[in-house]
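Colleague: turn this into a model:
(chains A, B, C and D)
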There are 4 protein chains.
Amino acid sequence: MSPHGRIFLATPGPTNVPDRVLRAMHRAAEDFAAPPFSETARSCLSDLARVFQTSGQVFCFIGNGHAVWEVPLVNLVERGEAVLVPVSGRFSQSWAEMAECLELETVRLDLPRDQPLDPAAIEAALRADKERKIKAVLVVQTETATGITSDMVAIRRAIDAAGHPALFVVDAIASLAAEPFAMDEWGIDCALSASQKGLMLPPGLGFVALNERALGIAESCRHPRRYFDLNFRRGAMTYQWFHGTPPLQQIWGLRESLDMLFEEGLDAVVARHRRLADAVRACVGCWAEAGALAFHCGVPEARSNAVTAIRVASDIDPDAMRRLARDRYQTALGAGLGDLEGKAFRIGHLGDLNEPMILGTLAACELALRRSGIAHGPGGLEAAIESLALDDAATRAGDPA
Amino acid sequence: MSPHGRIFLATPGPTNVPDRVLRAMHRAAEDFAAPPFSETARSCLSDLARVFQTSGQVFCFIGNGHAVWEVPLVNLVERGEAVLVPVSGRFSQSWAEMAECLELETVRLDLPRDQPLDPAAIEAALRADKERKIKAVLVVQTETATGITSDMVAIRRAIDAAGHPALFVVDAIASLAAEPFAMDEWGIDCALSASQKGLMLPPGLGFVALNERALGIAESCRHPRRYFDLNFRRGAMTYQWFHGTPPLQQIWGLRESLDMLFEEGLDAVVARHRRLADAVRACVGCWAEAGALAFHCGVPEARSNAVTAIRVASDIDPDAMRRLARDRYQTALGAGLGDLEGKAFRIGHLGDLNEPMILGTLAACELALRRSGIAHGPGGLEAAIESLALDDAATRAGDPA
Amino acid sequence: MSPHGRIFLATPGPTNVPDRVLRAMHRAAEDFAAPPFSETARSCLSDLARVFQTSGQVFCFIGNGHAVWEVPLVNLVERGEAVLVPVSGRFSQSWAEMAECLELETVRLDLPRDQPLDPAAIEAALRADKERKIKAVLVVQTETATGITSDMVAIRRAIDAAGHPALFVVDAIASLAAEPFAMDEWGIDCALSASQKGLMLPPGLGFVALNERALGIAESCRHPRRYFDLNFRRGAMTYQWFHGTPPLQQIWGLRESLDMLFEEGLDAVVARHRRLADAVRACVGCWAEAGALAFHCGVPEARSNAVTAIRVASDIDPDAMRRLARDRYQTALGAGLGDLEGKAFRIGHLGDLNEPMILGTLAACELALRRSGIAHGPGGLEAAIESLALDDAATRAGDPA
Amino acid sequence: MSPHGRIFLATPGPTNVPDRVLRAMHRAAEDFAAPPFSETARSCLSDLARVFQTSGQVFCFIGNGHAVWEVPLVNLVERGEAVLVPVSGRFSQSWAEMAECLELETVRLDLPRDQPLDPAAIEAALRADKERKIKAVLVVQTETATGITSDMVAIRRAIDAAGHPALFVVDAIASLAAEPFAMDEWGIDCALSASQKGLMLPPGLGFVALNERALGIAESCRHPRRYFDLNFRRGAMTYQWFHGTPPLQQIWGLRESLDMLFEEGLDAVVARHRRLADAVRACVGCWAEAGALAFHCGVPEARSNAVTAIRVASDIDPDAMRRLARDRYQTALGAGLGDLEGKAFRIGHLGDLNEPMILGTLAACELALRRSGIAHGPGGLEAAIESLALDDAATRAGDPA
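Modeller: Down below sits the predicted model:
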């Protein structure tokens, strides 16, 4: 059967690229050294700082999220120095592996996969580092693999409580423009993100924000590096900002996506993610009553507003259901990753989404569950609709606009 | 609030334009007299005949559906001759008005608005035309305003039963590529359609198909005309086919939409429309149980697979609900038209649609009903999901592809 | 050989559609009855009046230029009344034929094809109409087939001098947004244009502007009509403005092209056309020195700023040269039309053009002439460059911006 | 003045992105792990090997040309080992700097900037490396800064003549799909390219091709690395090929550009570049006769088919002329880089180009020269036209198709 209609993309990255952004990228190439492009690129970098909520500096890399993971490792830590990596999912684990590959001493803190990061464990690990070998704590705010968002403020407090000078480096790839994020206020020294999630762009750009302290450390860092070197990128010329030819079309798309975020308002964007995520959770809660499905995250308030991981009973093949949803109902759900491979599926709900998109996704998922013979409690869709209705009624007091 | 996410377009025209079609139209202008464009245009005209299922000739007009209504009137009927127009909704009524404006003697057959056209009434009207002044019977297959599809085969039989030589002219604007249509097999002499419904294109093109008999009549017709004259358009040159500059981008889009229809298969397209319409009807049936909403069409088997009209209780303002759905939930529902103004709303379900799109539309509609305080029975979404699941299980015997 | 690079479109319609316009049209369909679209459509209609320079009303038709030719004929003239049509090229001739088809009494004034319209001849024809049967004079400002622009002010004076009440109806299809045009100031009662020339849009829209006098006549006109009826279109509802479903994507494109025209400034647009046309004429003047090519228009100041027609010696096949230019050098030149078929070719130079586009077109044309063995004087390109350089130096006094 | 018409992009990267490619990239995001995308990505990687003309393996990196420079350095050379870098322009110099930053022992061979690389010098440098510390010779085939193409076959012979086992690593960023390239036949072990030149894509992808020998060395290389590690990318999963989220839209664009290259034929693509470059050189040769302008490259047969560098007399500001061309005539020329800064300008002529595009560029350049008061010999455009005409006549014997 030939596909018809729109794909419902419920993977937690890439996310839907708004038509406005695709249009902005559908544009003939230009001289990147001329003022029109330079000014656009510069405006994006400074506006990204507004999104990270920092007075520091933001750098843009041609690369994906994994590429920018490398940036703090080679700019803030010397070869042979240590990093602390709390590991609680597939992505934090990969970041730890990267640090090892780059010959950093990597202190892995193995934490439960179904709960948010435990600040006390981080504090203890830092206290144990008597020699202050740890230069940076690498924390993933929202683990895409588990759908769990940890508490960055509490982790900052833990670092402070330990009296440890380590830099606080946060992967906000799955959380930026979906969950609250306030880099300076939360005492984050370096934050990372990428284009293809809350920023609603095609994959291909990564972003790194540094505060003054981190910039100073990068300036004198002797870790061998070139493409990922931040100092090279602090020059005045456009090609320096991107270490070579800039990605014009992607930057035009970024300009548009930033405009969209500011038009909606960053707080409103976050509120929308929370509102839609609540609807997803209301629906999944009903489904779970039949016993075959369950929230992976055992701590309700840590369930991410970007992605929900759903465990399935041991006799269920979630990937067969996902293939049916994808091939028959044009609804792309996320697979279980790492420990959750074959044991879970994920519903991504971040980026350019609205109520009918989420409700259509949930309904198509229920249709796939039903056709796959996977038991699920009734009333999921109505619960989602009710959640949205109550939320709107509460926050708007009946004002439809 | 700035809009985010995709619009859910549930008006019965224009319908969603597939991304493939929009892409095909995003193309630099060319010399329309050169072979590449001429060949594309020619292929579209002959492939449209496959869609109408006729061995006759199809003409393409720059214009909308109302424009092509004029084509049979000025090519098949002489000024002063008569047409018979069964009127059962806003669109058939407008077509009758057009005939009057063009100084045709117009026999209006006023029929119930909530039922399909009665073939017996048509037969009686033709029998009453002893002088054979009626040159054509103008029939709307699917009344967009009422969501009712009439039985073309039965009407052909009625014309035959009356032994009347009138041409059988059918408006298939809302039905082509949504409902079954077989021009030659059903004895239709002239059929009309437009780009913005089942053909999934932007509005701006109209199509007229004529069989040999109708072509012969057009050839000798003396009705004054020029832009809508079919004879001019039968020349060998590309500009003649369009009576002037051809609409290049629209034709490139048409080429793509025809490719999509043939890739899916015309029968599969119709089956998909029926399947999705069944889901809508299952949902609306549940909603109706609370008494405030009801199917407008009293004859279940005549409910259109393209659009569903839903009457509301007299104390309900359907347009306030529609505005809420549109402005707050990005879901565009159709208004009640003509007699139904302020008394109904419509859900369009034709064109480039799939399961999550329909389910998302229904869910957003239920959300708007709920927030508008309009009583609706429970279980609508689940009934729609069940309808789709059962249909798939039946027709595919479990084959997901 | 597979084509590569951009087509150089030098047909006098369709013209290049700017990327900005194509992008604006690459947009998902919406509810046309909702305020966002209605407001855009309304703004286009009122901004078109600025382009026509009238305080009257502009109507937009789905149709091409030939479609809107029909509008004044059926709204301003009763069946059986007369129109005066000065004929000097293929397009004015077709318009006269249309009037005849519509059963208007058509007074053709056969004028030389290589000169602008003679106001004295028009005055004489009107003076001869003692019974005042002529309701309208139909004048083509720029004959696309001959590349000749006539003097509208002089023709208005001629009508006035004759003391004749006939309406002054002008086809500005090839001239609007290329040549000066001032409907009210010039005493034009009704003006027509279309989307695919100076307005830089895909073909598919036609525009009709009427002043108060013409609107009044249309209001009481009894000529049978419906799709082209102006009165129907004066309603308050969006669908009335377009007599049925509006062409959403085309209107979004129109909004963008109007924005582009106003950003550049209408006077600057006209000045640019004159400047680029001067370069074309400088080049063609050099080519002509070899004797095989000649300007078709014998009156230099009447040579159009939109299109240049070039006659070839009788032993030359201009169409073979055009095919070479088109198939081998991706440069689409216009054919000779009507009397000029096989005797001329045309270079269109209107719409979205700049200096390198015009110079590249001329150079590719010279390359095709050379490879076709068509004698042409030397120095054409340098003359074109010199023309542009001198013009810029004069008007800008050396200011490059 | 608001810009109108198309930009003429004559920078040597980014180059024009064909409309077909932009269309292919204007596409909604999908599940990258599903078969449709995986199969497309796989086909691109294997088709790239056809472009490089290797039976080895090609890897695709999200990154620009500078990013992929790093790949051979960290996969083929151990920290502390040596590389030989013949430096003859700004880009080869930057590559040498990168090697130094990455703590490789970098043997710079400083060569003349206005001539192709001297194979004898390379041979001598390798012979001098008695200890065989040099692991790789890093050679830029076409120096974008100087517009000079060196002889890869001769350099391979030089390496062989020296009997040195160093890997032959070639930067084909500015030459692939513009100049002849035959990786395996020429004995190249590793070749690099990027998306934004001959491959006609937006900037953002880099490509690295390795033969079996190089792959084996990469496999056991202990140089610390992660994002640029080739071994990670040899897995079976789509995300491994890109080390994280794949760049879907860019890959869809790449698929289209590869299709275009194969439709035209790689040999025809190279021949077209040579033909258009000949025209540029014919024109520049005429301009040079006035003494103020000169070819930078003193060896005619080494002048690149991708870009031409033109030196200006010492009293001339080439950048003021470039700004005039860019801001007034929408023609973007390349600046002088490195040693040539302020002393030269460059005309890029690679990628998606045809005759009128090149001729328009040259004419606009001449217009800017003229308005800048820069002396230039006459007849440049006619010489370019003659060059194209003679070439066509010779290779086609008059066959226009």
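Colleague: the helix ranked longest in chain A - contacts with which helices or strands?
Modeller: If each helix of chain A is counted by residues according to DSSP state H, the longest one is helix A:266-288. Contacts defined by 3 or more CB pairs under 8 Å, 6 or more residues apart in numbering or on different chains; DSSP states H and E place helix A:266-288 against strand A:293-295, strand A:307-312, helix A:355-371, helix A:380-396. For glycine as for every other residue, the C-beta is placed from the backbone atoms N, C-alpha and C.
Colleague: what angle separates the third one from helix A:266-288?
Modeller: Computed by axes from the mean of the first three to the mean of the last three CA atoms, to 10 degrees, the angle separating helix A:355-371 from helix A:266-288 equals 20 degrees.
Colleague: could you do the second one as well?
Modeller: When the same axes, to 10 degrees is applied, the directions of strand A:307-312 and helix A:266-288 differ by 10 degrees.
Colleague: same check on the last one?
Modeller: Relative orientation of helix A:380-396 with respect to helix A:266-288: 150 degrees, computed using the same axes, to 10 degrees.
Colleague: tell me the buried residues in helix A:380-396?
Modeller: Residues A:380, A:381, A:382, A:383, A:384, A:385, A:386, A:387, A:388, A:389, A:391, A:392 are the ones in helix A:380-396 that count as buried (16 or more other CB atoms under 10 Å in any protein chain shown).
Colleague: can I get those residues in CSV including pLDDT and distance to chain B?
Modeller: Output for those, formatted as CSV (pLDDT from 0 to 100; distance: CB to the nearest CB, whole Å):
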residue, pLDDT, distance to chain B
A:380, 98, 9
A:381, 98, 4
A:382, 98, 7
A:383, 98, 11
A:384, 98, 8
A:385, 98, 5
A:386, 98, 8
A:387, 98, 10
A:388, 98, 6
A:389, 97, 5
A:391, 90, 11
A:392, 87, 6
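Colleague: averaging pLDDT over each of the helices and strands packed on helix A:266-288, which comes out lowest?
Modeller: Mean pLDDT values for the helices and strands packed on helix A:266-288 show the minimum at helix A:380-396, a mean of 92.
Colleague: let me know the pLDDT of whichever residue of the stretch 101-250 of chain A sits closest to chain B.
Modeller: Distance from chain B to each residue of the stretch 101-250 of chain A (CB to the nearest CB) is smallest for residue A:200, at 8.9 Å. Listed pLDDT for residue A:200 reads 98.
Colleague: can you verify my assumption that it contacts residue A:16?
Modeller: Yes - using CB atoms under 8 Å, residue A:200 makes contact with residue A:16 at a distance of 6.9 Å.
Colleague: neighbour count: those two, which is higher?
Modeller: Higher neighbour count among residue A:200 and residue A:16: residue A:200, with 28 against 23, using other CB atoms under 10 Å in any protein chain shown.
Colleague: in the sheet, who's paired with the nearest residue to residue A:336 once chain neighbours are set aside?
Modeller: Of all residues not flanking residue A:336 in the chain, residue A:344 sits nearest, at 3.6 Å (CB to CB, 6 or more residues apart in numbering or on different chains). When bridges are called by DSSP bridges, residue A:344 pairs up with residue A:311.
Colleague: am I right that residue A:56 is in contact with residue A:207?
Modeller: No - Residue A:56 is beyond contact range of residue A:207, at 11.9 Å (criterion: CB under 8 Å).
Colleague: when those two are compared, which one has more neighbours?
Modeller: residue A:207 (27 against 20).
Colleague: which element is that one on?
Modeller: Assigned by DSSP states H and E, residue A:207 belongs to strand A:205-210.
Colleague: quick one: strands adjacent to that strand?
Modeller: Sheet pairing of strand A:205-210 (DSSP bridges) gives strand A:57-62 (antiparallel), strand A:190-194 (antiparallel).
Colleague: turn the ones you listed into CSV, including mean neighbour count.
Modeller: Output for the strands paired with strand A:205-210, formatted as CSV (neighbours: other CB atoms under 10 Å in any protein chain shown):
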stretch, mean neighbour count
strand A:57-62, 24
strand A:190-194, 29
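Colleague: in what helix or strand does residue A:37 lie?
Modeller: Using DSSP H and E, residue A:37 maps to helix A:35-52.
Colleague: how close does residue A:36 sit to chain C?
Modeller: Residue A:36 sits 13 Å away from chain C, taking CB to the nearest CB, to the nearest Å as the criterion.
Colleague: would you agree that residue is in contact with residue A:42?
Modeller: No - taking contacts as CB under 8 Å, residue A:36 lies outside contact range of residue A:42: 11.2 Å.
Colleague: return the residues of chain A in contact with chain C.
Modeller: Chain A comes close to chain C at residues A:19, A:23, A:26, A:27, A:28, as judged by CB under 8 Å from any CB of the partner chain.
Colleague: and which of those is nearest to chain D?
Modeller: residue A:26 (4.9 Å).
Colleague: got the phi/psi numbers for that closest one?
Modeller: With angles defined as degrees, to the nearest 10, residue A:26 sits at phi -80, psi 80.
Colleague: so which of the strands paired with strand A:205-210 gets nearest residue C:196?
Modeller: Closest approach to residue C:196 among those (CB to CB): strand A:57-62, 39.7 Å.
Colleague: pull the distance from that closest one to the chain's centre.
Modeller: Here strand A:57-62 is found 16 Å from its chain centre; the criterion is CA atoms, centre = their mean, to the nearest Å.
Colleague: what's next to it, contact-wise?
Modeller: Strand A:57-62 is contacted from outside by A:41, A:44-46, A:48-49, A:52, A:67-68, A:71, A:204-210, A:215, A:228, A:230, A:233-234, A:241-242, A:247, A:250-251, A:254, D:62-64, D:67, D:203-204, using CB atoms under 8 Å, 6 or more residues apart in numbering or on different chains.
Colleague: quick check: PyMOL command selecting the buried ones in these.
Modeller: Burial among those is assessed by 16+ other CB under 10 Å; the matching PyMOL selection reads:
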select buried, (chain A and resi 41+44+45+48+49+52+67+68+71+204+205+206+207+208+209+210+215+228+230+233+241+242+247+250+251+254) or (chain D and resi 62+63+64+67+203+204)
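Colleague: pLDDT weak spots in chain A?
Modeller: Along chain A, the model assigns pLDDT under 70 to residues A:1-2, A:396-401.
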